[in-house]
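Q: Fold the following for me, if possible:
(chains A and B)
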Amino acid sequence: MSKLQLMRAGYITVMPLMVGVMPFGVVFGALASAAGMSVWEALGMSIFVIAGSSQFVAVGLIADSAPIAIIVFTTFIINLRHFLYSASLASFLRPVSGIWKAVLGYFMIDEVYAAVIKRQQLGEFTPDEFKWYFLGGGLNLGSLWWLTTVVGVWLGNVIPEDMTTVLAFTLPLIFTAIVVPLVTSSPQLMSALSAALTAILFAPLPNNLNLIVAAFVGIAVGLMMETHQLRRSRVVLP
Amino acid sequence: MTIWLTILGMAVVTYGTRLMPLTVVDENSLPLWARRGLKYVPIAVLSAIIGPAYIPSSDWLAYDVGVPLAAGLLAIFTAYFSQSTIITIVVGVTAYILLSAV
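A: A predicted model of the protein is given here:
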């Protein structure tokens, strides 16, 4: 595939996620405006931070006149999971140039990562192909996030609340459609179930900390199960 | 001005978090268990995001799970058997709307 075709493939891959991202952007713009932010400030946050849930929390804190250090630290905690995304791709993307790493790091957000990771895990791309595919997906959802932020600031929340709830529900549905086919072994299944259960039980923790705890539990459970299986198979097959 | 400083701070910590592993982590210097563990990142993190969407704490703290869980379980089965994102969304959203209306 040519570079353009790869970008288009990435662009198309993330398209179902547009439905879920759109209302979030509009609601974010409306909340930012209500918190006293100008259209430039709201758009600036969506361009320079480009991280949905942390932006919502930050706007709430800005409305409460919280100190900058608190807002920045909270953002850091909420977005820590992106560290894992990036780390999981680090070895695969090693051959890619520094500028490309800077670009792909910028788009390392939940929705883009979730959408593009499947074909990477299935080994369908070389790193040089994957970077264009990733960029196509990132440009789609990134530009949508910027655009809907502005719409939200200008028009307020034009999407009825009932509809926002339904549209927002498409995101976990799409993540489900991505994760289920990735689960092909029992360690992977236990990893998925333990991570989901941990995230549910720890949900009352502040700043999405449940996601970090759950990620590490899920990884640890997967590793332990895998090791257990390896040991057992070694006993059976000397 | 304060808001722009806030945005700058947020941007630095967020972008740093996303960029650092890509540029700094040398795979070969990582122990084997860490390399194996990173393979579980997509499944573990995405499952962690999905779980509370289907069973929100507001629900289970009130001993009341319902519509999102039913729609979510249906979506899991649909994803397993159809292997299709679009069909999964359509089934999940339809179930969510219909069950909410009941």
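
Q: Please list all residues in contact with residue A:9.
A: Residues counted as contacts of residue A:9 (C-beta atoms under 8 Å, 6 or more residues apart in numbering or on different chains) are A:1, A:133, A:136. Glycine gets a C-beta too; all of them are placed from N, C-alpha and C.

Q: Of those - the most surrounded one?
A: Using other C-beta atoms under 10 Å in any protein chain shown as the neighbour criterion, residue A:133 leads the contacts of residue A:9 with 25 neighbours.

Q: Neighbours of the residue nearest to it when sequence neighbours are not counted, how many?
A: Setting aside the residues directly before and after it, residue A:133 is nearest to residue A:10 in space (C-beta to C-beta, 6 or more residues apart in numbering or on different chains), at 4.0 Å. Per other C-beta under 10 Å, the neighbour tally for residue A:10 reads 25.

Q: wait, residue A:178 sits on residue A:119?
A: No: under the criterion of C-beta atoms under 8 Å, residue A:178 is not in contact with residue A:119, lying 10.4 Å apart.

Q: Show me the strands in chain B, by range?
A: Applying DSSP state E to chain B gives no strands.

Q: Got the domain ranges for it?
A: Annotated domains of chain B cover B:1-34, B:40-102 [automatic domain parsing].

Q: Reformat the ones you listed as TSV; add distance to residue A:141.
A: As requested, the domains of chain B are exported to TSV (distance: least, C-beta to C-beta, whole Å):
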stretch	distance to residue A:141
domain B:1-34	15
domain B:40-102	15
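
Q: Out of those domains, indicate the one that is most buried.
A: Highest mean neighbour count among the domains of chain B (mean count of other C-beta atoms under 10 Å in any protein chain shown): domain B:40-102, with a mean of 19.

Q: end to end, how far does that domain reach?
A: Start-to-end span of domain B:40-102 (C-alpha to C-alpha, to the nearest Å) is 38 Å.

Q: right, is that domain up against chain A?
A: Yes: Domain B:40-102 lies within reach of chain A by C-beta under 8 Å from any C-beta of the partner chain, at B:40-57, B:60-61, B:68, B:71-72, B:75-76, B:79-80, B:83-86, B:88-89, B:92-93, B:96-97.

Q: The residue nearest to the spatial centre of chain A: what's its closest spatial neighbour, skipping adjacent residues?
A: Closest residue to the average C-alpha location of chain A: residue A:110 at 0.5 Å, with C-alpha atoms, centre = their mean. Once flanking residues are discounted, residue A:110 sits nearest to residue B:49: 6.7 Å by C-beta to C-beta, 6+ apart.

Q: same check, this time on residue A:93
A: residue A:127 (5.6 Å).

Q: quick one: residue A:101 and residue B:24 touch, right?
A: No: applying C-beta under 8 Å as the test, residue A:101 and residue B:24 come out as separate, 10.3 Å apart.

Q: I'm done for today, thanks for sticking with me.
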